[in-house]
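Asker: A predicted structure for the sequence below; I have some questions about it.
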Amino acid sequence: MTRTLADLKPDERAVLAAVDGERSYRRRLLELGFLPGTAVRVVRSVPVGDVLEVELRHSRVSLRISEAVQIRLADQGCATSGCGSGCDGSDEHDACATDAVPEAPRVVPVAVQRAGSAR
Amino acid sequence: MSRAVVALAGNPNSGKTTLFNRLTGANAKVGNYPGVTVERKEGRLRFDDGRQAVALDIPGTYSLSARTGEEAVAITAIAGLNPFTEPDVVVVVVDSTQLARNLYLVLQVLELRLRVVVALNMSDVIAKNGMQVDAGALADALGVPVVPVSATRGDGVEALRATIADLLERPNTDRSRARTNGFDPALSADVTAVEPHVPSGWDRGDPERRRALASWALMSIDEDDELWDLPGDLREIVLERQRRAQDEGRDIDLALAGARYRWIDEHTPRFMGEVPGSLRALTESIDKLLVHPALGFVLFLLVMSVVFQALFSWSAPLIDLVDTAVGGLADGVRSAMPAGLLRDFVVDGVIAGVGAVLVFLPQILMLFLFISLMEDSGYMARAAFLMDRIMKAVGLTGRAFVPMLSGFACAIPAIMATRTMERQRDRMLTMMVLPLTTCSARLPVYTLIIAALYPAPDQPGGTVAGFLSLQALLMVAMYVFGTVLALVAAAIFGRTIFKGSSAPLLLELPPYRMPSPVSVLRMMWTRGKLFVTEAGTVILSCTVLLWMLLTFPRDVPLERDYVAEAEAARASGAAVVEVEQTLAALVQEQSAEQLRASWGGRLGHAIEPLIEPLGFDWKIGVGLVGAFAAREVFVSTMGVVYGMGDETDQESVPLRRRLQDETWPDGRRVYTPLVGLSLMVFFALAAQCMSTLAVVRRETNSWRWPVFLFAYMTVLAWVFSFATYQGGRMLGFS
């Protein structure tokens, strides 16, 4: 199953693959920078309140977790290796997926150790 | 020569309004944008050499592709489309801590070929955190001047002012250029196809600008946008190109947004240094508490209870003060003017009307003080998000939270607060249910009824479970009742009249900051002014009208000869005290009889059959007629109806006693606790506020919605009152 932004835990990082959903919402997300290939970090996730705060390009946006399922993530192989063009296209990361570790664990704190983490 | 126009644009939360106030001083005035009811702020910008310009505050927006009325105003004002004249300089205010996202709007503005200056706001915050933004390099990259400023501290404001003055000096041809190039061929073809349909007046003969507006149209227009005044052929060609792109598997929105972000990502390293761990360490620590899954809600409830506590107790002394002042004024005029119709008109019509308006100001200002504090500190966005779950369950969005909360003060500013909602459906739904929340005008009515008809805590039956005050419980129950009904109504309308889903929620949780007293006061002032100008004028004229209804006709034949009776009393030779009592009683009885014969009294009689099943007699009917102008008029009308004089208020003990003694012709008491409950239920639900209806009419630009609002609320009130009264009787209450 494709992972979505809603699956991320606080402080977890990932790379976006595609944004689905109705046009006006999708367009607003694109304008806020939710483009394929963009690195994101979840700042806060409050399932009780249906709130998810994400950071991308050092800017912050909060959205509903129930709506973040429309934002698909690139495979983790892409997030670490960046594996080229495969991550930029929205649906074309199959090639990339084959390079990735098969059956990767669901939650991997990819690149959390990178400098710049808040805490 | 007309004065130069300087427009301030920027993302929401970019500090645009603070900078606007810094630039213009305290002379900003609020008005409406031509053609649309979105607030506009205009101020005077003075330059060192004595010249002046008009500064225009444009609604905050993340991009120029418009969804809401506010965003449509942003694009038309920045681009200078009809009805706006083109601004001579556009200042784009940028939040340096969120630079990339803010640059998106900058790039869009540059494409429109204007004279632009970028104000790099919050430069103090990034400097403090050891982050570097090279303003010179950014200016080189953008091709327009960039001035670092701190709107909150005032740094750089003079440099910005000088830069604006300098831009105004430069030749008019010296304009911004698009930074993004390299649309792929397919997208270029789309833009080229749309170009000829851009209205000829829009491009000012500039082909680059025409191209920018064509790509704006491609991204903004869709089947259900809320843009008005667009030429039909432009709309058609855009929809056609979008369909074609979709068939070819292309994505116009992604291509356009992608092109701008590609530029941003490429150039950012040139002007932005390493970003330290966090620019918002403090905010993040506070949010750990305030947006905590459990604690967050507890703290939210705590904040709300403080707010409502203030609403009830803290504003009481101020309300008394207003009452006393208006009463004093009335007394002064009464003794200064000769008795007669004119004096009655001035005292009972005009002064009573002004008093009816002013008496609400303390509560309204108190609630808006808290709302302003919550907004200014940054907490409101969190509260909206915490409430979003509940709001969404009934078909509303978290964005409806602020309007609904404002509704507890007054529905009028609350309805205006719905303007920021991006979907018309959400806005209509909020507007239609918001008048059910318990506004401050219901309070005097509840107070009168509860105090007159239910035992106080020190009387038998005055407590529940031994320690809870019955009167206080009833009051709380009425507030809960109104709120629950508003939510239920939203759930029902959201599934019937306003089908569809609410807009997805995207919010920015701004960093916490100390609220500035000036801006809090400013917010209270603008909202309080809205109430006085919008509601005030209607309440005042309705009070005057009501006075006329209850006063005329005056020359009706009376059953008794009051003059002769008064003469007889004077001649009786009884003690002076007794004579005066008799005379006073005669005056009251005469005015009561005149009232019965007045137009208002006849109206009350006429509607008696309608309201009798609710337990109300014709006198309550007169009060209800009055209350349709404005709810609290009920109290003073009852004072007139029962000959108590018109200075009666909800604290009046004689009026309470009079209510308790009032009987039907067959000797039954009119005001029983059950009737009181039925009456409060009626007031909780009925649309008894002309001003609200007038504002809904204006905001929706149609008679349909105020009529609907009035009809459904009145029916709801009648049905619930009927159920309360008849149900209560069946259960054996009286």
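Answerer: Everything's here; your move.

Asker: Was I right to think B:L213 contacts B:I78?
Answerer: No - under the criterion of C-beta atoms under 8 Å, B:L213 is not in contact with B:I78, lying 11.5 Å apart. For the C-beta atoms, the positions are set from N, CA and C on the backbone; glycine is no exception.

Asker: got any residues that touch both of those two?
Answerer: B:L112 (C-beta atoms under 8 Å, 6 or more residues apart in numbering or on different chains).

Asker: Just give the closest residue to A:I71, not the sequence neighbours.
Answerer: A:L5 (4.1 Å; C-beta to C-beta, 6 or more residues apart in numbering or on different chains).

Asker: What residues does that neighbour make contact with?
Answerer: Contacts of A:L5 (C-beta under 8 Å, 6+ apart): A:14, A:16, A:40, A:42, A:52, A:54, A:68-69, A:71-73.

Asker: what about 10 Å?
Answerer: A:14, A:16, A:19, A:34, A:40, A:42, A:45, A:52, A:54, A:63, A:65, A:67-73 (C-beta atoms under 10 Å, 6 or more residues apart in numbering or on different chains).

Asker: One more: B:V520?
Answerer: B:368-373, B:375-377.

Asker: ok, B:S734 - how many residues close by?
Answerer: By other C-beta atoms under 10 Å in any protein chain shown, the residues close to B:S734 number 11.

Asker: okay, it: pLDDT?
Answerer: In this model, B:S734 is scored at 70, pLDDT.

Asker: My read is that it contacts B:T672, right?
Answerer: Yes - B:S734 lies in contact with B:T672 (C-beta atoms under 10 Å); the separation is 5.1 Å.

Asker: hey, what's in contact with both of these two?
Answerer: Looking at what touches both B:S734 and B:T672 (by C-beta under 10 Å, 6+ apart), the common residues are B:615, B:728.

Asker: Strands along chain B, start to end?
Answerer: B:4-10, B:29-32, B:39-46, B:52-57, B:89-95, B:116-121, B:146-148, B:463-464, B:468-469, B:506-507 (DSSP state E).

Asker: Tell me which residues are up against the last one.
Answerer: With C-beta under 10 Å, 6+ apart as the contact definition, strand B:506-507 has outside contacts at A:25, A:28-29, A:32, A:34, A:51, A:53, A:61-64, A:67, B:12-13, B:62, B:381-382, B:384-385, B:388, B:397-399, B:422.

Asker: Run me through the strand neighbours of that strand, direction for each.
Answerer: strand A:59-64 (antiparallel) (DSSP bridges).

Asker: just the fourth one next, same as before
Answerer: Neighbouring strands of strand B:52-57 in its sheet, by DSSP bridges, are strand B:4-10 (parallel), strand B:39-46 (antiparallel).

Asker: how about that strand: buried residues?
Answerer: Residues B:53-57 are the ones in strand B:52-57 that count as buried (16 or more other C-beta atoms under 10 Å in any protein chain shown).

Asker: Closest to chain A out of those?
Answerer: Lowest distance from chain A to those (C-beta to the nearest C-beta) belongs to B:D57, with 21.8 Å.

Asker: Tell me where the model's unsure across the chain.
Answerer: Picking chain A for this. A:1, A:76-119 (pLDDT under 70).

Asker: The chain in question should be chain B.
Answerer: Ranges of chain B meeting pLDDT under 70: B:1-2, B:26-40, B:67-70, B:82-83, B:181, B:226, B:228, B:276-279, B:643-649, B:651.

Asker: care to break it down by domain?
Answerer: B:4-169, B:553-597 (automatic domain parsing).

Asker: Next one: the residue nearest to A:I71 from A:L29, what distance?
Answerer: Distance of A:L5 to A:L29, given as C-beta to C-beta, to the nearest Å: 10 Å.

Asker: go on, A:L56?
Answerer: In terms of C-beta to C-beta, A:L56 sits 10 Å off from A:L29.

Asker: same question, B:F498
Answerer: 24 Å.

Asker: can you pull the contacts of residue 10?
Answerer: Just going to use chain A. A:41-46, A:52-53.

Asker: that's the wrong chain, I meant chain B
Answerer: Going by C-beta under 10 Å, 6+ apart, the list of residues near B:G10 reads B:16-17, B:19-20, B:57-62, B:74, B:91-95, B:102, B:105-106, B:109, B:118-119, B:121.

Asker: again with B:A217
Answerer: B:65, B:191, B:194-195, B:197-198, B:202, B:227, B:230-231, B:234-235, B:237-238, B:241.

Asker: Leaving out chain neighbours, which residue sits closest to it?
Answerer: B:V238 (5.1 Å).

Asker: what about that neighbour, how many neighbours?
Answerer: Neighbour number of B:V238 under other C-beta under 10 Å is 23.

Asker: circling back: from the contacts of A:P10, list the ones also adjacent to chain B.
Answerer: Contacts with chain B within the contacts of A:P10, counted by C-beta under 10 Å from any C-beta of the partner chain: A:43-46, A:52-53.

Asker: Residue 74: how many residues sit nearby?
Answerer: By default, I'm working from chain A. For A:A74, using other C-beta under 10 Å, the count is 29.

Asker: try again with chain B
Answerer: Neighbour number of B:A74 under other C-beta under 10 Å is 24.

Asker: what residues are up against the residue nearest to B:A217?
Answerer: By C-beta under 10 Å, 6+ apart, the neighbours of B:V238 are B:190, B:193-194, B:197, B:214, B:217-222, B:230, B:252.

Asker: one more time with 7 Å
Answerer: B:V238 makes contact with B:194, B:217-218, B:221, according to C-beta atoms under 7 Å, 6 or more residues apart in numbering or on different chains.

Asker: now swap in B:I449 and tell me
Answerer: Neighbours of B:I449 in contact, by C-beta under 7 Å, 6+ apart: B:676, B:679-680.

Asker: ok, the closest residue to chain A within the stretch 401-550 of chain B - contacts?
Answerer: Closest residue of the stretch 401-550 of chain B to chain A, C-beta to the nearest C-beta: B:P504 (4.3 Å). Counting by C-beta under 7 Å, 6+ apart, B:P504 makes contact with A:25, A:64, A:67.

Asker: ok, for the last one, nearest residue in space, not its chain neighbours?
Answerer: Distances taken as C-beta to C-beta, 6+ apart place B:P504 nearest to A:E67, at 4.7 Å, with adjacent residues excluded.

Asker: and the gap between the one you found and B:R399?
Answerer: 11 Å.

Asker: Since that was my last question, I'll sign off now.
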